[in-house]
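S.K.: Dropping a prediction and its sequence here:
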Amino acid sequence: MEDIYYIEDDPDIANMVKEYLEQKNFRVKIWGTFAEAKCALKKHVPALILLDWNMPDGRGDGMCQYLRRNWKELPIIFLTVRGDSQDIVSGFQNGGDDYVVKPFELEVLHSRILALLRRAGNGAKQYLSCDGIEMDLNRRSVSCHSKEVDVSPAEYELLLYLMENKGKTLTRERILEQIWDVKGNYVNNNTLTVTMKRLRDKLCQPACIKTVRSVGYRMEDKI
């Protein structure tokens, strides 16, 4: 199930789109201002952004610029009330991938979303995030609240495994198998303990990485 952030200040339109897309097996979160959306993006990056052109705190082209500075491959569809060519050109120049003119048919919006996600391919899944921690899989980079963090290969693989299994309790044995054993590096429990401690220290002791006593670890979203 893919996550979509819908930045829209009209609750009637937003809720209609949300209800429809959730019937199509998407998870949709609505943000009524750009400021709210920016705050949410620091904690979690979705697979795609639906971006209304006119918002109480700015225009869509400015938000597109912000998104592209931070997430170059994140798919963006912007929405405009009319087919204004200047709005459309500005949107594409500032990072939009596609546009839909209001009023629109929900089926048309859905088809545009599917087409863009297909075109984006791995780019739509390039970013993994949890409560302010973000991984850019193409760059193999890690950041914490927008600040890049230098991690070792083992720390990166451990964080990636936790990210890919958010919400699941992972046993210590399973983590050792997936991070070290599969590569022929057979280590003991202490190696996992030390690696996790160093990772947590570098990420400023994130609350989203939980220790499950006598079992292992679990990573959880807070939004």
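M.R.: Thanks, I have it.

S.K.: make it CA atoms for all contacts and neighbour counts henceforth
M.R.: Fine.

S.K.: At which residues are the helices of the protein located?
M.R.: 11-23, 34-41, 60-70, 85-93, 106-120, 153-164, 172-179, 189-202 (DSSP state H).

S.K.: Of all the residues in the third one, which ones are buried?
M.R.: In other words, helix 60-70. 60-61, 63-65, 67-68 (16 or more other C-alpha atoms under 10 Å).

S.K.: Reformat the residues you listed as CSV; add pLDDT and distance to Thr195.
M.R.: CSV is the format used below for the buried residues of helix 60-70 (pLDDT from 0 to 100; distance: C-alpha to C-alpha, whole Å):
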residue, pLDDT, distance to Thr195
Gly60, 88, 42
Asp61, 88, 42
Met63, 93, 38
Cys64, 92, 37
Gln65, 92, 37
Leu67, 93, 32
Arg68, 91, 33
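
S.K.: about what we covered before: mind telling me which of the helices of the chain the model trusts least?
M.R.: Among the helices of the chain, helix 85-93 has the lowest mean pLDDT, at a mean of 61.

S.K.: Which of the buried residues of helix 60-70 sits closest to Tyr217?
M.R.: Leu67 (31.8 Å; C-alpha to C-alpha).

S.K.: Number of residues surrounding Leu160?
M.R.: Using other C-alpha atoms under 10 Å, Leu160 has 20 neighbouring residues.

S.K.: oh, I was asking about Arg139
M.R.: If we define neighbours as other C-alpha under 10 Å, then Arg139 has 9 of them.

S.K.: now swap in Leu162 and tell me
M.R.: Leu162 - counted by other C-alpha under 10 Å - has 21 other residues nearby.
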